[in-house]
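S.K.: All I have is the shape, not the residue letters:
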């Protein structure tokens, strides 16, 4: 499993730069798992001792936030990166989230018996993987019959910019080609129903929706824009881009400037669309 | 004003076919104005006798649905089409929504004094207009100081299909070129903040978000797909397309078939993204 984790770590193309972690740390259950909350609350009411597995939890902000909706239950937050999950553990401790446990695990090979969890949650993880179907099967395996698997993954094609400058369009194209070069998906948001059905799930067991992220206030533009700029400046995305000759250093400078301009545009907006499914295991 | 209404009527490119009206009639405050509800509820609590103007209310389902959140208040639902607003009035009566009044009005020339309303709402209307800025100014005029103007408009570029077939992509392109040929916008969802600022609003007075529609169940695919197919089969969109030579009868047959196939695809999904703003008038 250490080998798996190591292999997967190399494939997290966006990298773990400071601005990337900062942007992820803005994620909460309310802004990133709103589609799940009514179901989770209903489940926690009838069954207070819920067990929830959060796969690829990153900095753990969503895990801790979800845990508040099931105070008598238990959240296991996992990530393949030991460094990242250590930070999640510190964050949970800081927040006094005593019902959150953090563990290193590969989503492909979850170290839990079949049917261990009432809820299995993943946010923006399958998109980065070579084998989203294998990950879906793995999550279904550890979910109990009658439990749910909740998945939210971005559709990278659906970036909605204002002002829509040539630089931003080029930066977006580069993001997508880098994602593909790294083995990830750019269209998983629209394919979640399809992937769940490939994993043997009936259509009638799936509830599908779409969610958005929207960055538009000065603070949001700064957090979002500097993160995308920094991916071009340093770290694993830049390395992948230059190694695979997807762009040149000179073009990257231009694209970084496009992000700077967007951050400075008072009427700047960036919307993104994610697919969401809640699968009831039968 | 009758002249204005007549002119505008000709510009509602999608047309008023039965399947189009059916799809619109699925719209409620919950699925089409969720971004507004927390603010509306908070306002109705402190000020029960709220006055809300709904511009371009179409079949009135959103107006009637909004009225439930302000039972002691009053909703004026307007549309430029006398036929359409008559249907809205019947619907309001059927639903026992005694606090909804239906009136014919052009959004450009609203027949109400300055500052008449606490809330001015519009959904999926400015996108169809030659002059969204003029409509925004008009809505701001009839809103009282301290009141809000709430706008939700689709970004037509952000259609997210699965399966993404060449026929659906072509149908989507044709929808956009027809929209532009008819004087409408395909990118207004991302431009709402910008348009409000052009109307003299400070950025700090605007809250922006993005919302989605998602069609994926068999019933949703049928309602949505047959509506888009029928726009190509008959009515004002087909006429506009053929008059402006944007497509041929033969190609339209192919595109209709693409919608049929999508309706039949068990894992079919269509997501759309809308821009949303709530402007506080100062």
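M.R.: Structure's in. What do you need? Being a predicted model, the structure only gives us computed values, none of them experimental.
S.K.: what pLDDT does residue A:194 get?
M.R.: Per-residue confidence (pLDDT) for residue A:194: 98.
S.K.: which residues does it contact?
M.R.: Residues near residue A:194 by CB atoms under 8 Å, 6 or more residues apart in numbering or on different chains: B:162-163, B:267, B:269. Heads up, the C-betas are built off the backbone N, CA and C, glycines and all.
S.K.: please redo it, this time with the cut-off set to 10 Å
M.R.: Neighbour list for residue A:194: A:133, A:188, A:275, B:162-163, B:265-269 [criterion: CB atoms under 10 Å, 6 or more residues apart in numbering or on different chains].
S.K.: hang on, it in a helix?
M.R.: Yes. Under DSSP: H, G, I helix; E, B strand; the rest coil, residue A:194 sits within a helix.
S.K.: Would you confirm that residue A:148 belongs to a helix?
M.R.: No. Per three-state DSSP, residue A:148 lies outside any helix segment and is strand.
S.K.: Identify the bridge partners of it.
M.R.: Counting by DSSP bridges, residue A:148 is bridged to residue A:119, residue A:280.
S.K.: okay, now it: neighbour count?
M.R.: Counted with other CB atoms under 10 Å in any protein chain shown, residues neighbouring residue A:148 total 23.
S.K.: I'd like the distance between residue A:121 and residue B:78.
M.R.: Going from residue A:121 to residue B:78 by CB to CB, to the nearest Å gives 44 Å.
S.K.: who's more crowded, these two?
M.R.: Using other CB under 10 Å, the more surrounded residue of residue A:121 and residue B:78 is residue A:121, with 28 against 23.
S.K.: returning to what we had before: among the contacts of residue A:194, name the buried ones.
M.R.: Buried positions within these, assessed by neighbour count (16 or more other CB atoms under 10 Å in any protein chain shown), are A:188, A:275, B:162, B:265, B:267-269.
S.K.: Nearest to residue A:97 among these?
M.R.: Nearest to residue A:97 among the buried ones among the contacts of residue A:194 is residue A:275, at 27.9 Å by CB to CB.
S.K.: what's the angle between the strand or helix carrying the closest one and strand B:269-280?
M.R.: Using DSSP states H and E, residue A:275 maps to strand A:269-280. Orientation check (axes from the mean of the first three to the mean of the last three CA atoms, to 10 degrees): strand A:269-280 against strand B:269-280 gives 130 degrees.
S.K.: What separation do you get for the residue nearest to the spatial centre of chain A and residue B:41?
M.R.: Closest to where the C-alpha atoms of chain A average out (CA atoms, centre = their mean) is residue A:124, at 2.0 Å. Look at residue A:124 and residue B:41: by CB to CB, they are 31 Å apart.
S.K.: Tell me where chain A has helices.
M.R.: Per DSSP state H, chain A carries helices over the ranges A:2-10, A:18-24, A:29-32, A:37-46, A:61-67, A:82-94, A:132-142, A:166-181, A:188-198, A:218-233, A:236-243, A:249-264.
S.K.: so how many other residues sit close to residue A:231?
M.R.: Counted with other CB under 10 Å, the neighbours of residue A:231 add up to 28.
S.K.: quick revisit: what's near enough to touch the residue nearest to the centre of chain A?
M.R.: By CB under 10 Å, 6+ apart, the contact set of residue A:124 is A:14, A:24, A:27, A:32, A:56, A:58, A:62, A:151-154, A:188-189, A:213, A:274.
S.K.: starting at the chain centroid, how far to the strand holding residue A:275?
M.R.: 10 Å (CA atoms, centre = their mean, to the nearest Å).
S.K.: ok and it relative to helix A:166-181, angle-wise?
M.R.: Comparing the axes of strand A:269-280 and helix A:166-181 via the same axes, to 10 degrees yields an angle of 30 degrees.
S.K.: what's the angle between strand A:269-280 and helix A:37-46?
M.R.: 40 degrees.
S.K.: Quick check: the gap between the residue of chain A positioned farthest from its centre and chain B.
M.R.: Largest separation from the mean C-alpha position in chain A: residue A:250, at 30.2 Å (CA atoms, centre = their mean). According to CB to the nearest CB, to the nearest Å, residue A:250 stands 29 Å off from chain B.
S.K.: go on, residue A:81?
M.R.: Remark: distance between residue A:81 and chain B (CB to the nearest CB) = 30 Å.
S.K.: Confirm for me that that residue is in contact with residue A:56.
M.R.: Yes. Using CB atoms under 10 Å, residue A:81 is in contact with residue A:56, at 9.3 Å.
S.K.: Can you pick out the residue with more neighbours from those two?
M.R.: Counting neighbours by other CB under 10 Å for residue A:81 and for residue A:56 shows that residue A:56 has the greater number, 25 against 18.
S.K.: List phi and psi for the closest residue to the more buried one other than its chain neighbours.
M.R.: Of all residues beyond its chain neighbours, the one nearest residue A:56 is residue A:125 (3.3 Å), with distances taken as CB to CB, 6 or more residues apart in numbering or on different chains. The phi/psi pair for residue A:125 (degrees, to the nearest 10) reads phi -130, psi -50.
S.K.: ok so, going back, and the two most separated of the buried ones among the contacts of residue A:194?
M.R.: A:188 and B:265 (17.1 Å).
S.K.: Low-confidence stretches in the stretch 1-150 of chain A?
M.R.: Low-confidence segments of the stretch 1-150 of chain A, defined by pLDDT under 70: A:1-25.
S.K.: need the residues of it near chain B, please.
M.R.: Taking CB under 10 Å from any CB of the partner chain, the part of the stretch 1-150 of chain A that reaches chain B is made up of A:34-35.
S.K.: just curious, which of the buried ones among the contacts of residue A:194 is nearest to residue A:49?
M.R.: Taking CB to CB as the measure, residue A:49 sits nearest to residue A:275 out of the buried ones among the contacts of residue A:194, at 30.3 Å.
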